[in-house]
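Participant: Sharing a model prediction with you, sequence too.
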Amino acid sequence: MGCFQRLKIVPCSVEDIDILLELEKCSTKYGWSKSDIASSINAGYDCYKLIEDQRVSGYCVIQLIGEEMEILNIVIHRRYQGMGYGGFLLTSIFQMKRYESVKDVWLEVRESNVPARKLYGRIGFTQSGTRKNYYHRNLGNTSGQEDALVMTLRKKS
Ligand SMILES: CC(C)(COP(=O)(O)OP(=O)(O)OC[C@H]1O[C@@H](n2cnc3c(N)ncnc32)[C@H](O)[C@@H]1OP(=O)(O)O)[C@@H](O)C(=O)NCCC(=O)NCCS
């Protein structure tokens, strides 16, 4: 955990919307739009940014419903991908007092998103279902649909 010591996890506010949009644009081809980000924050979903040396290196959006937590989005800045930051962000959030009564965590991920699937698998998520043609896939000249894998983690029995 040594190399993560300088990382801080801080709740986001509406003032972060533009910086989060920049993060999306430079880090993923399936990024959320400005209105996706704004409506999540305005709806009161839990949103946390990962700060390193005063720069935002990632963020995560969560919906908490009773004892169930849904990960709505997680993005790590392209520059920091593959360094374990995503796992650090998720596992740190899971340990927060606010989530101590959470029993199950779930999320949806594109079947083709190998980095995300590897991350989730490493921290204990397993596939619990598939949503056929859930995503609209528009990449360059390729268009079509893509399945979502539903992944779940039993945090507490
Ligand atoms: C998915 C994501 C959050 C993972 O966070 P991370 O901090 O990069 O996670 P890790 O460092 O644990 O890497 C996970 C695995 O993906 C690989 N990986 C990460 N980024 C990669 C990249 N840009 N290209 C290729 N492989 C990558 C890592 O090498 C690692 O593989 P390993 O388990 O074989 O070592 C991050 O890559 C990201 O922000 N992607 C774009 C947004 C996204 O897809 N979000 C998920 C939506 S469901």
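Facilitator: Received, thanks.
Participant: can you tell me the helix or strand for the residue in the chain that the ligand sits nearest to?
Facilitator: With C-beta to the nearest ligand atom, the shortest gap between the chain and the ligand falls at Gly86, namely 2.5 Å. Placement of C-beta: from N, CA and C, glycine included. Counting by DSSP states H and E, the element that carries Gly86 is helix 85-94.
Participant: Is the helix or strand following that helix in proximity to the ligand?
Facilitator: The helix or strand immediately downstream of helix 85-94 is strand 104-110, counting by DSSP H and E. Yes: Strand 104-110 lies within reach of the ligand by C-beta under 6 Å from any ligand atom, at Val109.
Participant: Tell me the first helix or strand C-terminal of strand 104-110.
Facilitator: By DSSP H and E, the next helix or strand past strand 104-110 is helix 114-122.
Participant: okay, the next helix or strand after that following helix in PDB with CA atoms only?
Facilitator: Using DSSP H and E, the helix or strand that follows helix 114-122 in sequence is strand 126-139. The C-alpha trace of strand 126-139 is given here as PDB (Å, rounded to 0.1, in the frame of the first residue of the first chain):
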ATOM      1  CA  THR A 126     -17.800 -12.500 -10.000                       C
ATOM      2  CA  GLN A 127     -20.100 -12.500 -13.000                       C
ATOM      3  CA  SER A 128     -23.700 -13.000 -12.000                       C
ATOM      4  CA  GLY A 129     -25.600 -12.300 -15.200                       C
ATOM      5  CA  THR A 130     -25.500 -10.800 -18.700                       C
ATOM      6  CA  ARG A 131     -27.700  -8.100 -20.200                       C
ATOM      7  CA  LYS A 132     -27.800  -8.700 -23.900                       C
ATOM      8  CA  ASN A 133     -27.100  -5.800 -26.200                       C
ATOM      9  CA  TYR A 134     -27.200  -3.400 -23.300                       C
ATOM     10  CA  TYR A 135     -24.800  -0.900 -24.700                       C
ATOM     11  CA  HIS A 136     -24.800   0.900 -28.100                       C
ATOM     12  CA  ARG A 137     -21.400   0.600 -29.400                       C
ATOM     13  CA  ASN A 138     -20.200   3.300 -31.700                       C
ATOM     14  CA  LEU A 139     -16.500   3.200 -32.300                       C
END
